[in-house]
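*Asks:* Sequence and predicted model, in that order:
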Amino acid sequence: MPERKRVAVLADSDTRWKWGVTTARRLVPDHRLAGYLLRGRATPTARQLGEVGVRTDRPAEVTCAEFLAEIERERYDVVVLALVGGAVQAVLHGARALWPAPARRPVLVTGYVGVVYEKLADGLLLRHGADVVLANSRHDAERFRAVYEGVGADAGAVTETALPFLGGAPYEPAGSRAHTVVFAVQPSVPDSRADRAYLLERAAGHARKHPDREVLIKLRSKPGEHTTHLEEQPYQRLAQKIPGGLPANCRLVYGNMGEVLDGADLLVTVSSTAALESLHRAIPTAVLTDLGIREALGNHHFLGSGCLASWDQLDAGLLPEGDPVWLAAQGVRPAGAPGPADAGKADTGPADAGKADAGPAASHTGPAGGPAQTGPRSAEGQDAYAVARARVAGLLAAARLPSPAPYYTLTTAPGYLPGILARHRLAPDGTPLPGAARQEAGESRLRRRLRAHLREAARGAYRHGVQRVAPVIRRLGEL
């Protein structure tokens, strides 16, 4: 029996952790997983990790330099970089410094956690140099290749797939149960207090106009927690200021989005990736136009989707349906659409996954069941990850892989690259700066625990400053 492949996932937020783990399961169905969180302001809490819907041990928290030392020592087969672009670039240059010549090294995989509607060129070029750059749809794959080819860079790493966590039971109309509306909010879209208060009031107003419906305000984080994007105006605090409070049939909820969608009859959002999860399950989905259709909001991505609607239209009873042509181009095939089923049908591995002995957050993940679920498929109805799996398998079979070759170098971006690397405590040549990788050998458990508490206290102070102090200073500045 062949030995299971060893896969490391490095993530910097809760949603990227979910993307990284589910991507690893799609690409290497039978593997041993080691999980790592990149230390930073968006490092998720244990509660946040528990709500994303993937089951593993808690990942270890590391710096970029520490992670590079890990992948050099542990010799993983595949490394999934579920990070923002700058962090991906830092790891790629660090890997280039570790393996400056063709060598037996891990296959480096990266991509995007959801809808790509801003900083397309910047984010893509920061990911260039990975062996596999995953695109979540045919539309994205075409755009990604165009960016790389436009600067004369190799576009061969771009590989079309779909969002790895698409799945769940197909939608069935409400029938006798109460009609449930889920408003999936976002940490930074919109960003102004007035716009966020407006959307919350409209959701509450929808509940008042339809007392037979339940309106759930699906939140990403609790006050004091952070996601990739800063949330200066949490909906929890805005809800406290609504005159008379939220109606009885409108409430704030947390939890795994997939589980929340299990009971949804209508998904409403500004531009959340949750819209694609909802459309995949054929749930009526509305992308709000109340604040305009603007690049800053990201809802321009849904032009042609058939889902653009306002709260007024939803109040009047509209239940938008996705346009099949648009959905196919976006890598979304609603449940029940014709075509063969995906070979890997579940989003997550078995709850009793066997543990591995190869690093933190290790688990054995293989094909998992879920009879009512449907996984991501291509526009033609095939397994959306078949091509990517074959590409990774081909790279794994190679005796040696060439040194990573990012587009950004000290020749192409001498005024940009050093700053990116310095933020992750790497020198311009990708090697760790002195003291960047902490040596904890021989350090007492008490000292490590004390450092962890101090780090969490510092994060708490930072988050308090963002959510409490910064808005006050900004308002004072406007007087």
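*Replies:* Everything's here; your move.
*Asks:* ok, which stretches of this protein are strands?
*Replies:* All strands of the chain, identified by DSSP state E, fall at 5-11, 31-38, 60-62, 78-82, 107-110, 132-135, 158-160, 179-184, 213-218, 250-253, 266-269, 285-288, 308-309, 363-365.
*Asks:* among the ones you listed, which is nearest Gly244?
*Replies:* Closest approach to Gly244 among those (Cβ to Cβ): strand 250-253, 11.5 Å. Placement of C-beta: from N, CA and C, glycine included.
*Asks:* my read: Val115 touches Asn299, true?
*Replies:* No: the pair Val115 / Asn299 is not scored as a contact, 9.7 Å apart, by Cβ atoms under 8 Å.
*Asks:* Find residues that contact each of these two.
*Replies:* Residues touching both Val115 and Asn299 by Cβ atoms under 8 Å, 6 or more residues apart in numbering: Ser271.
*Asks:* who's more crowded, the two?
*Replies:* Remark: of Val115 and Asn299, Asn299 carries more neighbours, 27 against 20, as counted by other Cβ atoms under 10 Å.
*Asks:* show me the contacts for the closest residue to that one other than its chain neighbours.
*Replies:* Spatially, and ignoring its direct neighbours in sequence, Asn299 is nearest to Ser271 (4.6 Å; Cβ to Cβ, 6 or more residues apart in numbering). For Ser271, the contacting residues are Val115, Tyr117, Gln186, Val189, Val287, Leu297, Gly298, Asn299, His301, Phe302, by Cβ under 8 Å, 6+ apart.
*Asks:* Return the helix or strand in the protein with minimum mean pLDDT.
*Replies:* strand 363-365 (a mean of 43; mean pLDDT, DSSP states H and E).
*Asks:* rewinding a little: list just the nearest of the contacts of Ser271 to Pro320.
*Replies:* Nearest to Pro320 among those: Val287, at 8.0 Å, using Cβ to Cβ.
*Asks:* ok, now which ones touch that closest one?
*Replies:* Residues counted as contacts of Val287 (Cβ under 8 Å, 6+ apart) are Thr269, Val270, Ser271, Ala275, Asn299, Phe302, Ser305, Cys307, Leu308, Ala309, Pro320.
*Asks:* Next, give phi and psi for the second one.
*Replies:* I take that to be Val270. When read as degrees, to the nearest 10, the backbone of Val270 gives phi -90, psi -50.
*Asks:* Tell me how many other residues surround it.
*Replies:* Counted with other Cβ under 10 Å, residues neighbouring Val270 total 23.
*Asks:* Double-check it against His300; I have them as touching.
*Replies:* No: if you go by Cβ under 8 Å, Val270 and His300 don't touch, sitting 11.1 Å apart.
*Asks:* which of the residues in stretch 192-201 are buried?
*Replies:* Within stretch 192-201, the residues scored as buried using 16 or more other Cβ atoms under 10 Å are Arg193, Asp195, Arg196, Ala197, Tyr198, Leu199, Leu200, Glu201.
*Asks:* for the fourth one, what are its contacts?
*Replies:* Spelled out, it's Ala197. Residues in contact with Ala197 (Cβ under 8 Å, 6+ apart) are Leu238, Lys241.
*Asks:* what would the strands of the chain look like in JSON lines with distance to Leu166?
*Replies:* Shown next, in JSON lines, are the strands of the chain (distance: least, Cβ to Cβ, whole Å):
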{"stretch": "strand 5-11", "distance to Leu166": "19"}
{"stretch": "strand 31-38", "distance to Leu166": "20"}
{"stretch": "strand 60-62", "distance to Leu166": "28"}
{"stretch": "strand 78-82", "distance to Leu166": "16"}
{"stretch": "strand 107-110", "distance to Leu166": "18"}
{"stretch": "strand 132-135", "distance to Leu166": "13"}
{"stretch": "strand 158-160", "distance to Leu166": "14"}
{"stretch": "strand 179-184", "distance to Leu166": "15"}
{"stretch": "strand 213-218", "distance to Leu166": "17"}
{"stretch": "strand 250-253", "distance to Leu166": "21"}
{"stretch": "strand 266-269", "distance to Leu166": "14"}
{"stretch": "strand 285-288", "distance to Leu166": "13"}
{"stretch": "strand 308-309", "distance to Leu166": "21"}
{"stretch": "strand 363-365", "distance to Leu166": "17"}
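*Asks:* ranking the ones you listed by mean pLDDT, which is last?
*Replies:* Lowest mean pLDDT of these: strand 363-365, a mean of 43.
*Asks:* Isn't Arg25 up against Val80?
*Replies:* No: with contacts counted by Cβ under 8 Å, Arg25 stays clear of Val80, the gap being 10.1 Å.
*Asks:* Those two: which is more packed in?
*Replies:* Between Arg25 and Val80, counted using other Cβ under 10 Å, the more crowded position is Val80 (31 against 27).
*Asks:* Thought Leu10 was touching that one, still the case?
*Replies:* Yes: between Val80 and Leu10 a contact is recorded at 7.3 Å, counting by Cβ under 8 Å.
*Asks:* what residues are shared contacts of the two?
*Replies:* Between them, Val80 and Leu10 share these contacting residues under Cβ under 8 Å, 6+ apart: Gly20.
*Asks:* Okay, now the unreliable bits of the stretch 351-479 of the chain?
*Replies:* By pLDDT under 70, the low-scoring segments of the stretch 351-479 of the chain are 351-375, 377-381, 437-479.
*Asks:* try 90 this time
*Replies:* The model of the stretch 351-479 of the chain has pLDDT under 90 over residues 351-383, 435-479.
*Asks:* what does the stretch 201-350 of the chain give?
*Replies:* For the stretch 201-350 of the chain (pLDDT under 90), the answer is 220-234, 255-256, 331, 333-350.
*Asks:* Which stretches in it count as helices?
*Replies:* Using DSSP state H, counting those that start in this stretch, the helices of the stretch 201-350 of the chain run over residues 235-240, 257-261, 274-280, 311-315, 324-329.
*Asks:* can you list the residues that contact the third one?
*Replies:* Helix 274-280 is contacted by residues 114-115, 163, 165-168, 184, 218, 257-258, 261, 264, 267, 269, 285, 287, 302, 305, 307, 322, 327, 330, 332-335, 374, 376 when judged by Cβ under 8 Å, 6+ apart.
*Asks:* For that helix, C-alpha coordinates in CSV please.
*Replies:* Output in CSV follows, covering the C-alpha atoms of helix 274-280 (Å, rounded to 0.1, in the frame of the first residue of the first chain):
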residue,chain,number,x,y,z
ALA,A,274,-21.4,32.8,0.5
ALA,A,275,-23.4,33.7,-2.6
LEU,A,276,-21.6,31.1,-4.6
GLU,A,277,-22.0,28.5,-1.9
SER,A,278,-25.8,29.3,-1.9
LEU,A,279,-26.1,29.2,-5.7
HIS,A,280,-24.2,25.9,-5.8
